[in-house]
Every structure is written in C-alpha cells, then in structure tokens.
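Trainee: take a look and give me a structure for this.
(one chain, ligands or ions: 1)
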Amino acid sequence: MSIFSKYEPLARSLAAVTHGGGRNPFSVVIDHPISSTVGVIEGRETLLFGTNNYLGLSQSEAAIEAAIDTLRTHGVGTTGSRIANGTQGLHRQLEERIAAFFRRRHCMVFSTGYQANLGMISALAGKDDYLLLDADSHASIYDGSRLSQAQVIRFRHNDADDLHKRLRRLDGTPGAKLIVVEGIYSMMGDVVPMAEFAAVKRETGAWLLADEAHSVGVMGEHGRGVAESCGVENDVDFVVGTFSKSLGTVGGYCVSDDDGLDLIRLCSRPYMFTASLPPDVIAATMAALSELEQRPELRHRLMDNARRLHAGLNAIGLRTGLQASPVVSVVLDEIDEAVRFWNRLLDLGVYVNLSLPPATPDQHPLLRTSVMATHDAAQIDQAIEIFAIVARELGLGQ
Ligand code: PMP
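Mentor: Numbers count the residues shown, from 1 in each chain. Below you'll find the model as predicted:
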C-alpha cells in the first residue's frame, strides 16, 4: 500500500477543484512583485487583493536599505537557535524595540508567528491546565494546544457569554485557565469584542492571550491592535503577533509584563529547537516598525480603503461580513461556484485568496479579499468592477 493512500480523499478534492483546466488555487506563483499592489502572475500584471501586506511595507525603501546594510555587516544567517549561538545583539535590540512599542516589559521573538503561538501556548499551558479557545482559532493556536497537552475547551466564535458559562463550570478546579482570542479573524475579517473578553477574564481570574497578528499596525490609535482600540491592554497578559503582515517581513513575537516570560525561553520547544531570524530580516523589521510608528496616515488610508472595498462589493450584491475591515471576504454557497469565480478573477487580472471548507467558518467557500494602505482608489474601483463582471457571468449578485 502506498504511504500516500490515506490522502486519496484529498487528491480527489483537489482534482475536483482543478477539473476542466482550472488552476490549483494553492500553488499560484507570483513571478515577481512590481510594487506592493501589483505583481506579475502568468506573465500578466495583476492587482494584488489577497496579501496580508496591509501597510505595503514589504516594499518599504527604508526597510530594504536597512536589510542591505545589515547583510554586509552581519552576513546572511545565524546558523543557530536562540538558546545556543543564534542570539546576536540585533535579536535583543529587536526585542527591546517591540517591548517598547507595546509599552511592555518583556518580549520574546520567534522565527515565525506560527511558532510564536505554538511556542507560547504549549509552554504556558501544562497538562493540568485548561485552554479556552475561540472555535474559529487559527491553526497555530490549535496546534499549540495539542503540543501543550492541556485540556482544550472551545467556545462559540466571539461569544464572551459562552466563554463565561464554560469557565463557570471549571469553578473550583485546580489548574490555570488560559483564554486565547485573536484581534481580527483572518477568514472573515471580524473584530473581537475584546472589552467583553477582558471583563470575563477579570471576573474569573483566568489569563488572557490575544493573537493580534492581523490587527497590529491596523487597529488602535498607535497601531497596537484591538486591545488598544478597546482600551483594555492592561487586561491582556500576553500579546502574540507576527512580522509577516503589517510589517511586511517574517517572524513572530510575544510581549508581556509578566517576569515569567523569560522562563519560557528555556521550555518552549518551537523557540529553542529552530534557527533564529537572520540579521537582515531583523534590521528590515525594525525599520518597518519605525515607519509604522511615524506614519499613522498609513492606518487611516488602510481603513478608508477597507470601507471603499466593503461598500463596493456589497453594492454589487455580493455577501460579505458586516464590518468593514482590511479583510473583506465574499461568502459563496457552492465550492464549484467559488472556484470558477476565483479563476475568472485571476483571468481578468485580480488576485484574491480562495478559502475552502473545512478551513472556513460555517463551511462556506470564501473569496478572501484584503486591501492595503497603498492601493489607490482607482485600483479598488477596478477590482470591484471586475468582481461585478464575474458575478454577472455566473449569475450572482445584482
Ligand atoms: N496567527 C494568525 C491569526 C494568523 O493569521 C497567522 C498567519 N496566517 C499566524 C498567526 C502565523 O503567522 P506567520 O505567518 O508569521 O507564521
């Protein structure tokens, strides 16, 4: 028997998606980027409406220059883990910069955001503890909880009352309770009601970890995320985030005021047993962070663009989430329809993400669309027009 035979159902699903000459939506190649908003795909200039590059900083001149300078002075890699030879002065500097940005005492930097969740959740929650996870949590949160061996309790998406009820049932049980929520949920772009979760945390004595991967640089007066915009930063014990979205580079982190964070460096396997970030990435990240801090207008432009895209897609009769956020997902009913829609968008020069069940909330296929601060109004209007053309072709919308 083939070692791959267990994946036959997966192979059949993929064949169904690509039959009739459709593309494989999970192996699109962007031949090269031309700017933050335009890339070459299949030899054609294509509008990018499916990245997490919310502020366009992957193409920041300052970040590029900082990376090049640092390559010349520090080389291309560390060849070691953070607890061996992989901590350079730059890693410490970056941790201090991130901690200062969040006004927290401590920061740990990981090699990706995935590893930050994996490493924090698995180390914070031991086998006698409880993890309370939003049902729509990111894969890295679920994977971290498996690695932790803690008891996992899921509560209804964004429902603080449901969480409260489930915590009540744990009254009197020993073991720490760690609530995990996200700032902006990546599939539908919906924002967490953080103040409600903070109130439950205060009332029950649980701990609260917020993954602000999609909300840092996007929400809050200073870009510190949803906790900042809701005025409840003091209630969040641990903020996890990534450099791979609004900061445009790669890497992950956790910040906290709790002195215990330093101990996690010695027991978090995803922190300890992998190579640390290369120096040029650190330099680029620090330059991008300075830009994020010094250019609040990027955040304002991003939200204006989000409202324009959200309103435009709704105006042509497509179904999206209720809130305008930088992620605007068009919800469809049939996988077949979503696959055809996505292929036609790309034929006509617009790239978005196709998200399929089981990875989507409520098992609906999604055309996950995201905006950037660097899109101009004409690009957004053009994308909406192309959505309208395809919707008409498929007999959807108005
Ligand atoms: N958390 C959330 C909510 C995410 O959406 C992602 C990335 N999709 C991550 C964590 C992982 O981040 P990274 O890309 O840095 O591994």
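Trainee: which stretches of the stretch 201-350 of the chain form helices?
Mentor: 226-230, 261-264, 269-272, 279-294, 296-315, 335-347 (DSSP state H, counting those that start in this stretch).
Trainee: please report phi then psi for the residue of the stretch 51-200 of the chain found nearest the ligand.
Mentor: Nearest residue of the stretch 51-200 of the chain to the ligand (Cβ to the nearest ligand atom) works out as Gly113 at 2.5 Å. Backbone N, C-alpha and C define where each C-beta goes, glycine included. Phi and psi for Gly113, reported as degrees, to the nearest 10, are phi -70, psi -40.
Trainee: how many residues are close by it?
Mentor: Residues contacting Gly113 under the criterion other Cβ atoms under 10 Å number 22.
Trainee: excluding its backbone neighbours, what's nearest it?
Mentor: Setting aside the residues directly before and after it, Gly113 is nearest to Thr242 in space (Cβ to Cβ, 6 or more residues apart in numbering), at 2.8 Å.
Trainee: my read: that neighbour touches Ser111, true?
Mentor: No: with contacts defined as Cβ atoms under 8 Å, Thr242 does not count as touching Ser111, sitting 10.8 Å away.
Trainee: between the two, which has more neighbouring residues?
Mentor: Ranked by neighbour count (other Cβ under 10 Å), Thr242 and Ser111 place Thr242 first, with 26 against 22.
Trainee: residue contacts, the more buried one?
Mentor: Thr112, Gly113, Ala116, Ala213, Gly251, Gly252, Tyr253 (Cβ atoms under 8 Å, 6 or more residues apart in numbering).
Trainee: what do you get for Arg319?
Mentor: With Cβ under 8 Å, 6+ apart, Arg319 has these contacts: Val330, Val331, Leu332.
Trainee: so which of those wins on neighbours?
Mentor: Going by other Cβ under 10 Å, Val330 tops the contacts of Arg319 with 26 neighbours.
Trainee: ok, Arg12 - how many residues close by?
Mentor: Using other Cβ under 10 Å: Arg12 sits among 10 other residues.
Trainee: next, it: secondary structure please.
Mentor: Secondary structure assignment for Arg12 (DSSP: H, G, I helix; E, B strand; the rest coil): helix.
Trainee: so how far is Leu298 from it?
Mentor: In this view, Arg12 and Leu298 are 44 Å apart by Cβ to Cβ, to the nearest Å.
Trainee: tell me the domain boundaries of this structure?
Mentor: 8-48+296-393, 76-294 (automatic domain parsing).
Trainee: got CSV for those domains, with distance to Met1 too?
Mentor: Listed next are these as CSV, based on distance: least, Cβ to Cβ, whole Å:
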stretch, distance to Met1
domain 8-48+296-393, 11
domain 76-294, 27
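Trainee: out of these, deepest packed?
Mentor: Sort these by mean neighbour count, taking mean count of other Cβ atoms under 10 Å, and domain 76-294 sits at the top with a mean of 20.
Trainee: and Gln363, what's its pLDDT?
Mentor: Note on Gln363: pLDDT of 89.
Trainee: so how far is Ile264 from the closest residue to it other than its chain neighbours?
Mentor: In space, and not counting its chain neighbours, Gln363 is closest to Pro357: 4.2 Å by Cβ to Cβ, 6+ apart. When Cβ to Cβ is applied, the distance between Pro357 and Ile264 equals 35 Å.
Trainee: same question for Arg154.
Mentor: Taken as Cβ to Cβ, the span from Arg154 to Ile264 is 24 Å.
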